[in-house]
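Participant: Show me the folded form of this:
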Amino acid sequence: MIAIEGDYTGPKLDSNEKVTVEFTEQLIATYKEQQKLHRRYAYQVFYFIHIIIFFVCYSLLVIKHSSVLFGMFSLESCAPVI
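Facilitator: Below you'll find the predicted structure:
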């Protein structure tokens, strides 16, 4: 666990708390004000974004392969017609 220095003035979480939408919004507001973000929280947000992207990509891969294998539906049929 990365320790939080005493001079850090940005948003904080207790050691057992999880990153929430509200906390993330506080971090974004702090960043927009050009204040210092602690690397611990930046890593936590990055980790959760990584998990979400992995989940979405994996889900799309499963959908693509299931449609090819089982003919359930085609991703091309969902594409907008230009």
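Participant: ok, the nearest residue to residue 12 once chain neighbours are set aside to residue 58 distance?
Facilitator: Closest residue to residue 12 apart from its sequence neighbours, by CB to CB, 6 or more residues apart in numbering: residue 4 at 6.5 Å. Where C-beta positions appear, they are placed from N, C-alpha and C, glycine not excepted. Separation of residue 4 from residue 58 (CB to CB, to the nearest Å): 33 Å.
Participant: and the residue nearest to residue 12, how many residues sit next to it?
Facilitator: By the measure other CB atoms under 10 Å, the count of residues near residue 4 is 15.
Participant: List the buried residues in the lengthiest helix in the chain.
Facilitator: In the chain, taking DSSP state H as the definition, the longest helix is helix 39-70. If you call a residue buried by 16 or more other CB atoms under 10 Å, then helix 39-70 has these buried ones: 41, 44.
Participant: before we move on, what about stretch 9-17?
Facilitator: By neighbour count on 16+ other CB under 10 Å, the buried set for stretch 9-17 is 10, 11, 13.
Participant: so whichever strand or helix holds residue 26 versus helix 39-70, what angle?
Facilitator: Using DSSP states H and E, residue 26 maps to helix 21-32. Counting by axes from the mean of the first three to the mean of the last three CA atoms, to 10 degrees, helix 21-32 lies at 120 degrees to helix 39-70.
Participant: Now do helix 21-32: which elements does it pack against?
Facilitator: helix 39-70 (3 or more CB pairs under 8 Å, 6 or more residues apart in numbering; DSSP states H and E).
Participant: shaky segments in the protein?
Facilitator: 1, 65-82 (pLDDT under 70).
Participant: Please list all residues in contact with the residue nearest the centre of it.
Facilitator: Closest to where the C-alpha atoms of the chain average out (CA atoms, centre = their mean) is residue 49, at 2.0 Å. Neighbour list for residue 49: empty [criterion: CB atoms under 8 Å, 6 or more residues apart in numbering].
Participant: Over to the one 5 residues further on?
Facilitator: Listed by CB under 8 Å, 6+ apart, the contact set of residue 54 is empty.
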